[in-house]
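Visitor: Sequence first, predicted coordinates after that:
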Amino acid sequence: MEQTNWYVIQVMTGNEQIICRDLTEILDKSLYEHCFVPMSERQHRKDGKFISLREPLFPGYLFIISDFIDDISIALWKISKFKRILRTGSSFVPMEPEEVNAFSALVDEAFNITMSKGFIIGDAITVTEGPLKGYEGSIKKIDRHKRMAFVELPFLGKETRVRIPLEIVDKL
């Protein structure tokens, strides 16, 4: 049975993977489809060479796909580190379908965002491969030195600027 609601759980930054693992250990698998921390690839220069690092796309947040959020909320109290499911008033609020669609279009099956590649002609950006292909209009800023594009995505009811890996291989 495919579950449809995506919920966001706020945790202490740096504990995303640990809490996700702890949560999946205590939850019955029938209560959720996936618990994950979306990761983004980042290039880091070390000793004159670029190495690939992975870091959370949204530091301090993990995601769970479930239609049984009340049961998950009860299980969260069994985990000792700070965490809360995002809500409005007294009810838990799932991500909007357009937020899920925008996010799903950028991630792979393991909820990771890999490096995109492209080039610049004048002021126009063209992405030739990777998850940003076709999303050139959403790119708000590029940091060529850090190989990052800043993209605005709908997240938690507002446009949120997210760092997505993008290597500009040529500027004409």
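Guide: Received the coordinates, thanks.
Visitor: For Ser91, give its distance to Ile85.
Guide: Applying CB to CB, to the nearest Å, the value for Ser91 to Ile85 is 10 Å. Just so you know, the C-beta spots here come from the backbone N, C-alpha and C atoms, and that holds for glycine as well.
Visitor: Which of the two has more residues huddled nearby?
Guide: Neighbours were counted for Ser91 and for Ile85 using other CB atoms under 10 Å; Ile85 has more, 17 against 8.
Visitor: strands paired with the worst-scoring helix or strand of the chain on mean pLDDT, and their directions?
Guide: Among the helices and strands of the chain, strand 87-88 carries the lowest confidence by mean pLDDT, DSSP states H and E, at a mean of 80. Here strand 87-88 has these sheet partners by DSSP bridges: strand 91-92 (antiparallel).
Visitor: average pLDDT across the partner strand?
Guide: For strand 91-92, mean pLDDT rounds to 86.
Visitor: Give me the contacts around that strand.
Guide: 7, 69-70, 73, 85-86 (CB atoms under 8 Å, 6 or more residues apart in numbering).
Visitor: how about a cut-off of 6 Å?
Guide: Strand 91-92 is contacted from outside by 69, 85, using CB atoms under 6 Å, 6 or more residues apart in numbering.
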